[in-house]
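Novice: After the sequence you'll find the predicted model.
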Amino acid sequence: MRSARTVILWGLIAAIGAGALGRVALSRGESISAAWLLTAAICTYLVGYRFYARFIATKIFVLDDDRATPAVRKSDGHDFVPTNRWVVFGHHFAAIAGPGPLVGPTLAAQFGYLPGALWIIIGVVLGGAVQDFVILCASVRRDGRSLGQMAKDEIGPVAGITALVAVLGIMIVLISVLALVVVNALKASPWGTVTISLTVPIAMFMGVYLRYVRPDKVLEASAMGILMLAGALWAGQWVAANPALAPMFTLTGPTLALLIMAYGFAASVLPVWLLLAPRDYLSAFVKIGVVVALAVGILVVLPPLSMPAVTQFVDGTGPVFSGKVFPFVFITIACGAISGFHSLIASGTTPKLLARETDAKLIGYGAMLTESLVAIMALIAACVLTPGVYFAINAPVAVLGTTAESAALAVQHWGFVLQPGEMDALARSVGESSLLSRTGGAPSLAVGMAHLFDRALGGGGMALWYHFAIMFEALFILTTLDAGTRVGRFMLQDLGGQVWPRFRDVTWQPAVWMASAIFVALWGYFLYQGVTDPLGGINSLWPLFGMANQLLAAVALCVGTTVIIRMGKARHAWATLVPLCWLLVVVLTAGWQKLFSADPRIGFLAHADRFSALHAAGTLPPGVPSLDALPRMVFNDRLDAAVAAFFLVSVLVIVFESVRVWIGVLTGRRPLASTEVPAASVTLFAAD
Amino acid sequence: MDAVRQWITVLRTVIGVPDYDRYVRHMQAHHPGAPVKSSDEFARERLEARYSRPGSRCC
């Protein structure tokens, strides 16, 4: 009786999901409600969780609650602590969810909502959530070992080193592109600049409070911090309205880029209790709060999607970033569908907290589904804007020109509706001087979110909600940036320590300062390059970031496949092999096109050639301030090409090494030696 | 009141604040007699550890 009811229930969920997905995919020429997209996503997630995650748990890893997890086995009260699974879920989600799932889908909306939505929904169920889950299980069975260590143990030293260097390269590109998003959001915006700047002293106040006034009262300090954030929002508005103060905080891109570099450097050398930790607490609360608010806002308003299902830009001529829908939608949206970075978290703190093996399903697979839902919500928020407004915000100056008229003309030329006065009115309503060419995704997402919140709460607060959304996105990004810079500094010190042992000493200030400066200079260079790029920088940097992230995912899936084969489960290895093959097709195609496409808007080398030809002819391309700037841009293009080539070679090395191991194991030339820690019953360990 | 305290612990753990009481309980139960870090020492050491490894933060 019970099983019959289960069959009916799941049959119903599957049918509703399939129906909604069909409605989303097949509607043409009429705008559909966001409810369809949400329903399709949630039903697919439920079915994936109930059936596919369970398959991986019971058939591949055979998760066993009697088998002691590292937290039980090595319980030490601080690193290895058996923890309630919902707490671990929250912790893991707060660690994996960053600005990635917000920005990627917003940019990919240039293809229409359908390509992005399908990739997010299908990609997560068959790819991203599988990756997170498999790596978490593998790490749990290996005392919580990290991805780099597992790559070395399972595949070999070459793969281990490649993974390590790749992680460093990814961090550099990640930080620079995220910093670029913040710069573009704050450019010429005194309100935003003041609000974001104030978050730094607020965090420091919390840090001092937590250290000297009321030690360890984290929730109390966070509550005060959140109140002060509201004050910062108000202060920003006040400054922006003040004719004497506003110009002082109206900053250009290059100035903001330098300020952000200084901030990253400070975060890396200052003690963590002063800046990093309090910022993280604040950011975690704001993050969870806004995600919930966004969900509520979308559910209350259930907005129609103004963006068409598919735009003409699938042919590769899009203004937000160039390249056809294949492979570029799969590169642009990494977080939310499949994100390699998660494998570092799933093999970091999380495996050391799991109380029972079976909890891995909720935490590994489930948390990633939740992030995917965030990506769907970001896509919805971007698609509630009319296409005209969306493209006017997200297309670079080189395409739109600098006036409302030229922008309206360009947008109309693409076949979308935009009145010259529309953007001015919108900018005024959100308290900005202009919203034209505010590339990077953050401003358009903020407009979309402000629109939703404003409608959900009855109107009148667009400006406040817009700046609230900008503050939230920047807070998010800066916490990734500062923690990332610090981690990068440690990795550099570790690397440098191979040649000069003293460099590794993290208490020796000269090494700390030097490594921090080098790491900031590395990402700062790319940031500055992006800020001064007439095409907006996102066009060249975001694909690099997407490729890097997918490269890391490929590493994780190689490790996962090797682990599965070595468990003697080769017949189930398709679970990781299928997403791996797909990623390889995507990354290799995208990388090839970014390198060798003859279209200068896509290929780095073709762009370099075109600009050097223009330089030789003495012609100034649109958006470039002077002829002298051209040689530097040519150099930057070639540098970006080298970075893309490096990522491609890294992928190939790791895949090659992995395939060698697989063939060896499958043909019996290599022993089927398991690297798992031998199973031990939980009953052997005393409860904590 | 217990429920409130429980929620406070949940919130703190979710944002990654280590549980000092739990550490003390662990030390008493498993390593009686061994030196126990003060809450200040414990918090400082946990913070340093948290921000020194990749994988504490994502994109």
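Specialist: Received it, and whenever you're ready, just let me know what you need. Numbers count the residues shown, from 1 in each chain, chains lettered A, B, ... in the order given.
Novice: Let me know the pLDDT of the closest residue in space to residue A:299 that isn't next to it in sequence.
Specialist: Counting by CB to CB, 6 or more residues apart in numbering or on different chains, the nearest residue to residue A:299 once its immediate chain neighbours are dropped is residue A:38, at 7.8 Å. Glycine gets a C-beta too; all of them are placed from N, C-alpha and C. The per-residue pLDDT reported for residue A:38 equals 94.
Novice: What is the helix or strand residue A:38 falls within packed up against?
Specialist: If you go by DSSP states H and E, residue A:38 is part of helix A:34-47. If you count contacts as 3 or more CB pairs under 8 Å, 6 or more residues apart in numbering or on different chains; DSSP states H and E, helix A:34-47 packs onto helix A:2-26, helix A:113-123, helix A:276-301, helix A:367-383.
Novice: tilt between it and helix A:2-26?
Specialist: Counting by axes from the mean of the first three to the mean of the last three CA atoms, to 10 degrees, helix A:34-47 lies at 140 degrees to helix A:2-26.
Novice: which residues are in contact with the following helix or strand past helix A:34-47?
Specialist: With elements assigned by DSSP H and E, the helix or strand that comes after helix A:34-47 is helix A:54-55. Counting contacts by CB atoms under 8 Å, 6 or more residues apart in numbering or on different chains, the residues outside helix A:54-55 that touch it are A:361, A:575.
Novice: Return the distance of helix A:54-55 from the chain's centre.
Specialist: 27 Å (CA atoms, centre = their mean, to the nearest Å).
Novice: Quick one: mean pLDDT for that helix?
Specialist: Helix A:54-55 comes out at a mean pLDDT of 97.
Novice: now stretch A:313-324
Specialist: Stretch A:313-324 comes out at a mean pLDDT of 93.
Novice: I'd guessed residue A:183 sits against residue A:258; true?
Specialist: No - checked against CB atoms under 8 Å, the pair residue A:183 and residue A:258 is beyond contact range at 9.9 Å.
Novice: Compare these two (neighbour count), which wins?
Specialist: residue A:183 (27 against 16; other CB atoms under 10 Å in any protein chain shown).
Novice: tell me the pLDDT at that one?
Specialist: 95.
Novice: ok, it - contacts?
Specialist: Here residue A:183 is in contact with A:253, A:256-257, A:260, A:440, A:527, A:531 (CB under 8 Å, 6+ apart).
Novice: In the residues you listed, which residue is surrounded by the most others?
Specialist: residue A:527 (31 neighbours).
Novice: Quick one: the helices in the stretch 451-600 of chain A, in order.
Specialist: Remark: helices assigned in the stretch 451-600 of chain A by DSSP state H, counting those that start in this stretch are A:462-496, A:509-531, A:538-566, A:574-596.
Novice: winner for burial among those helices?
Specialist: helix A:538-566 (a mean of 27; mean count of other CB atoms under 10 Å in any protein chain shown).
Novice: anything in that one near chain B?
Specialist: Yes - Helix A:538-566 comes into contact with chain B (CB under 8 Å from any CB of the partner chain), by way of A:545, A:549.
Novice: could you give the mean pLDDT of that helix?
Specialist: Rounded mean pLDDT across helix A:538-566 is 93.
Novice: what about it, distance to the chain center?
Specialist: 13 Å.
Novice: In JSON lines, list the helices of the stretch 451-600 of chain A along with distance to residue A:653.
Specialist: As requested, the helices of the stretch 451-600 of chain A are exported to JSON lines (distance: least, CB to CB, whole Å):
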{"stretch": "helix A:462-496", "distance to residue A:653": "18"}
{"stretch": "helix A:509-531", "distance to residue A:653": "22"}
{"stretch": "helix A:538-566", "distance to residue A:653": "10"}
{"stretch": "helix A:574-596", "distance to residue A:653": "13"}
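Novice: Could you count how many residues lie near residue A:67?
Specialist: By other CB under 10 Å, the burial measure for residue A:67, its neighbour count, is 21.
Novice: count of residues packed around the closest residue to it other than its chain neighbours?
Specialist: Nearest residue to residue A:67, sequence neighbours excluded (CB to CB, 6+ apart): residue A:679, at 4.8 Å. Residue A:679 has 11 neighbours, counted by other CB under 10 Å.
Novice: middle-most residue in chain B, spatially?
Specialist: Nearest residue to the geometric centre of chain B (CA atoms, centre = their mean): residue B:18, 2.0 Å.
Novice: so which strand or helix has the closest residue to that one other than its chain neighbours?
Specialist: In space, and not counting its chain neighbours, residue B:18 is closest to residue B:46: 4.4 Å by CB to CB, 6+ apart. If you go by DSSP H and E, residue B:46 is part of helix B:39-50.
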